[in-house]
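In: pasting a predicted model and its sequence here:
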Amino acid sequence: MTRAASPDLHDDIVHFNLGASDPWDDDLDEYPEVIFHKVPSADIVYETAPRIPKFVGKYLLGDTLGEGSYARVKEALDTETVRRAAVKIMKKKKLKKIPSGEENMKREINLLQKLSKNSHPNIIELYDVHYKAEKEKTYLFMTFCCCSLQDMLDASEEKKFPLWQAHKYTFQTFQGLHYLHSRHIIHKDIKPANLLLDPSHTVKICDFGVAEELDPFSQTDTIKGSQGAPMFIAPEIAVGKDVFSGQKLDVWSAGVSLYNFVTGNYPFNADNVFKLYRKIGEGKYVIPDYLPDNLKNLLEGMLQYDFENRFSSHDCLTHPWITRKQNKSYDEVEIPNNIAEESTLIQYLEQLHLEDGDRKLTGHSTNPPHSSSLQTSSDDILSSDQRLSGDHMLDVADSRSRFEV
Amino acid sequence: MPLALFRSEKTPQQLVQNLKSVLTQLVKEHEQGEQANAKKLEKINDDVTKYLLNAKHALMGTPGQEPQLEMIVQLSDEIHKNDIILLLIRCLRYIDFEGKKYTSQILSNLLKRQIGTRYPTVEYILSQKRSENETPSNDILDELIQGYDHQEIALHSGLVLRECTKHDSLASIVLSDPKFFAFFNYVEVSTFDIASDAFVTFKDLLTVHKNTAAQFLEKNYDRFFTDYKKLLTSDNYVTRRQSLKLLGELLLDRHNYLTMDRYIGSAENLKLMMTMLADQSRSIAYEAFHVFKIFVANPNKKKEVLDILLKNKEKLIDFLSKFQSDRKEEEQFHEEREYLIKQVKSLQRPVEPSPAAAASPPEQ
């Protein structure tokens, strides 16, 4: 079925197994052969290892959605309920290389499990945790999301959202934050990259790796230390205070995110972290004049230098700019990929359930439209399922940055 | 607009006037009791339903036709001006099934309508607030709460009431209304769907607007938890389980810190939770565990609480080490269980004068 298996083609075409360099793929051992011959570059055909359907528990794994330094996120399907899910896969070996990596993972699982007992629409929900001892991998099955707000900003023309869309996402973020705070949890890393969107455009706060749970018996929300992203760090951290309010820390970061949504810029920016911290510590920033007055007021309240005077998450939720209904305009920033409509799992399900002949018939239905040129140039050489997988590989490569994990 | 030809009224004013007059007739007929003319009543009922349907279409449009903004504005103004909302809710029990459905849809739609930051219907209801007595009350909200007394309208009025309680200002009136305490009966009525609906409303009132709810709980602590105990000790399994779960949620909400502090300082409450921990039902015992753990984890235990825990120290350690140890894939539960066992093991009577007792506030 694959090209490597047909011996008469070995003479003129180099077989590149793109999966071979992939440390995440455990099936690569089955395709060790790489044969070198001199060939004109035009004859090189790239292809991936055949996609073999893989199961973890009751979940069927799909294509990779994105990856970061210590985790990879794949699409998954709960084969009992047919619910779409995302699975975050973390390898112990990789976690060990990161300071307190394993600790963060444990904390994230712990908090998510607590939160998922009474799930909130704006918090990512943890469905299941699996651990495979022989591979030392942990699998977290969670709400399926299409992209982060950061990806959307990156893909938008002006790197910002129209006001109504910023309003919609900010309101949902506030609701999620308010809920977290009422559950004694400080997120500590609020930023557009950690605000995901599910296919129905609902914001899901994710990544609790550096979150902190407050002592439920303490009346104050005092915390120590934070490891958030530099751009989003509050002045009390930038100047190195010892103790500060946890809730207000999240409000500040949400304020920087909102500023980013509506202006496309950051309130504080510099070439390096030291300069950035100094600027944040000075606390001088400018809100552009073109923003409506009540939005300016909200931003000022959230970006108050002194956390005592800063808005609480409740103040944010009840602020006039938030409670005011916004009229939708036509300049919507859309989800930059078509994964909401099209699951990457279809090809795996076809492999599982369809015979070779059937697959050719249905193959075109999962082929993205831009693949037509590929098909004509290689129609006799590649079977339809190979075109499919090769094509999806391009998609994945395009969207590597989709999740920051 | 060709549809207008088939309607008996051309303007929102006329529609509202017509609706008002048939509703008034409806009430009059029903007041006559047995002498009511069945035929006449039927005719009135048909008219009511017809006008309600027209109003619904004007507000929400019809399939394939969007409502007109101007129509919506005029119609809701007229409804407010003529005090139709209260009349509708009072008549709800006389209106036929379809009409009840339209009524709850119309009222929910009105409550959702927003202009800028304003909600006209919410403001209208707020303006109906009576404060002659010491406690402010509101006829519309009163009627909606009492809807749970009448089986035939409970689910319809419940829907509208929940729409009202989405607004902090209205929720706070419902909470300060003495009738709120009727919920403790409503959540236990024998009709299951009504009891469930009432419980959802009850829970929303206590959990959605956290600051308002926290103030309410602090202010009405004694009465609330005296009544709440009846739910926790109810004969009805569903009531017991739901209320126990809600209790855990309330106590662990940061906004309710003061309430939690008071609740876990009471030996009575601890005894109740320990009894429930040993409940025959696994689920009840499990929910009770999640409340019980707060008592044990509290670093500033009151003397009376500590006394009970100390008295049962050995028994508790024994009990907890076997407690639902067969729960699978609940690592967190087992961790918490281990933690509690450790805590109980390390319990000891403070040396007099005890630092723990000195740190905790005096007995109330």
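Out: Thanks, I have it. As the structure is a computational prediction, the values presented were derived from the model and not from experiment.

In: please report the distance of residue A:240 from chain B.
Out: For residue A:240, the distance to chain B (CB to the nearest CB, to the nearest Å) stands at 27 Å. Where you see a C-beta, it was placed from the backbone N, CA and C, and this is true even at glycine.

In: cool, and residue A:304?
Out: In terms of CB to the nearest CB, residue A:304 sits 20 Å off from chain B.

In: against residue A:229, how distant is the nearest residue to that residue once chain neighbours are set aside?
Out: Once flanking residues are discounted, residue A:304 sits nearest to residue A:310: 3.9 Å by CB to CB, 6 or more residues apart in numbering or on different chains. Relative to residue A:229, residue A:310 is positioned 19 Å away (CB to CB, to the nearest Å).

In: looking at the chain, which helix is longest?
Out: Because you didn't say which chain, this covers chain A. helix A:163-182 (DSSP state H).

In: actually, chain B is the one I wanted.
Out: helix B:38-60.

In: mind giving me the packing neighbours of that helix?
Out: helix B:12-31, helix B:69-81, helix B:97-112 (3 or more CB pairs under 8 Å, 6 or more residues apart in numbering or on different chains; DSSP states H and E).

In: which parts of the stretch 301-405 of chain A sit against chain B?
Out: A:314, A:318, A:320, A:323-325 (CB under 8 Å from any CB of the partner chain).

In: among those, who's most crowded?
Out: residue A:314 (18 neighbours; other CB atoms under 10 Å in any protein chain shown).

In: does residue A:283 touch residue A:236 like I think?
Out: No. Applying CB atoms under 8 Å, one finds residue A:283 not in contact with residue A:236, separated by 10.4 Å.

In: how many neighbouring residues does residue B:241 have?
Out: 19.

In: hey, what's residue A:129 bridged with?
Out: residue A:140 (DSSP bridges).

In: per-residue confidence for residue A:394?
Out: Residue A:394 carries a pLDDT value of 35.

In: oops, could you answer that again for residue B:180 instead?
Out: Value for residue B:180, per-residue pLDDT: 94.

In: re the thing from before, for the longest helix of chain A, C-alpha coordinates in PDB please.
Out: Output of helix A:163-182 as PDB, limited to C-alpha atoms (Å, rounded to 0.1, in the frame of the first residue of the first chain):
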ATOM      1  CA  LEU A 163     -15.100  46.100  19.900                       C
ATOM      2  CA  TRP A 164     -18.100  43.900  20.000                       C
ATOM      3  CA  GLN A 165     -16.000  40.800  19.600                       C
ATOM      4  CA  ALA A 166     -13.500  42.000  22.300                       C
ATOM      5  CA  HIS A 167     -16.500  42.600  24.500                       C
ATOM      6  CA  LYS A 168     -17.900  39.100  24.000                       C
ATOM      7  CA  TYR A 169     -14.600  37.400  24.800                       C
ATOM      8  CA  THR A 170     -13.800  39.700  27.700                       C
ATOM      9  CA  PHE A 171     -17.200  39.300  29.300                       C
ATOM     10  CA  GLN A 172     -16.800  35.500  29.200                       C
ATOM     11  CA  THR A 173     -13.200  35.700  30.500                       C
ATOM     12  CA  PHE A 174     -14.500  37.800  33.500                       C
ATOM     13  CA  GLN A 175     -17.200  35.200  34.200                       C
ATOM     14  CA  GLY A 176     -14.600  32.500  34.200                       C
ATOM     15  CA  LEU A 177     -12.200  34.500  36.400                       C
ATOM     16  CA  HIS A 178     -15.000  35.400  38.800                       C
ATOM     17  CA  TYR A 179     -15.800  31.700  39.200                       C
ATOM     18  CA  LEU A 180     -12.200  30.800  39.700                       C
ATOM     19  CA  HIS A 181     -11.800  33.400  42.400                       C
ATOM     20  CA  SER A 182     -14.900  32.200  44.100                       C
END
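
In: list the buried residues in that helix.
Out: A:163, A:165-182 (16 or more other CB atoms under 10 Å in any protein chain shown).

In: please apply the same query to stretch A:339-357.
Out: So, applying 16+ other CB under 10 Å, buried residues of stretch A:339-357: A:339-340, A:343-351.

In: pLDDT averaged over it - what is it?
Out: pLDDT averaged over stretch A:339-357 gives 76.

In: how far does it sit from the chain's center?
Out: 23 Å (CA atoms, centre = their mean, to the nearest Å).

In: quick check: residues of chain B near chain A?
Out: So chain B meets chain A at B:114-117, B:168, B:210-211, B:249, B:252-255, B:257, B:260, B:294, B:297-300, B:329, B:331-332 (CB under 8 Å from any CB).

In: just those residues: which are in helices?
Out: Short answer: the residues of chain B next to chain A in helices (DSSP H) are B:168, B:210-211, B:249, B:257, B:260, B:294, B:297, B:331-332.

In: give the buried subset of these as a ChimeraX selection command.
Out: To isolate the buried ones among these in ChimeraX, judged by 16+ other CB under 10 Å, type:
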select /B:168,210,249,257,260,294,297
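
In: tabulate the ones in helices among the residues of chain B next to chain A (CSV), appending distance to residue B:277 and pLDDT.
Out: CSV is the format used below for those (distance: CB to CB, whole Å; pLDDT from 0 to 100):
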residue, distance to residue B:277, pLDDT
B:168, 36, 93
B:210, 28, 93
B:211, 32, 93
B:249, 18, 93
B:257, 24, 93
B:260, 18, 95
B:294, 13, 94
B:297, 15, 92
B:331, 21, 79
B:332, 18, 82
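
In: widest-spaced pair of the ones in helices among the residues of chain B next to chain A?
Out: Pairwise distances across these (CB to CB) peak at 38.3 Å, for the pair B:168 and B:331.
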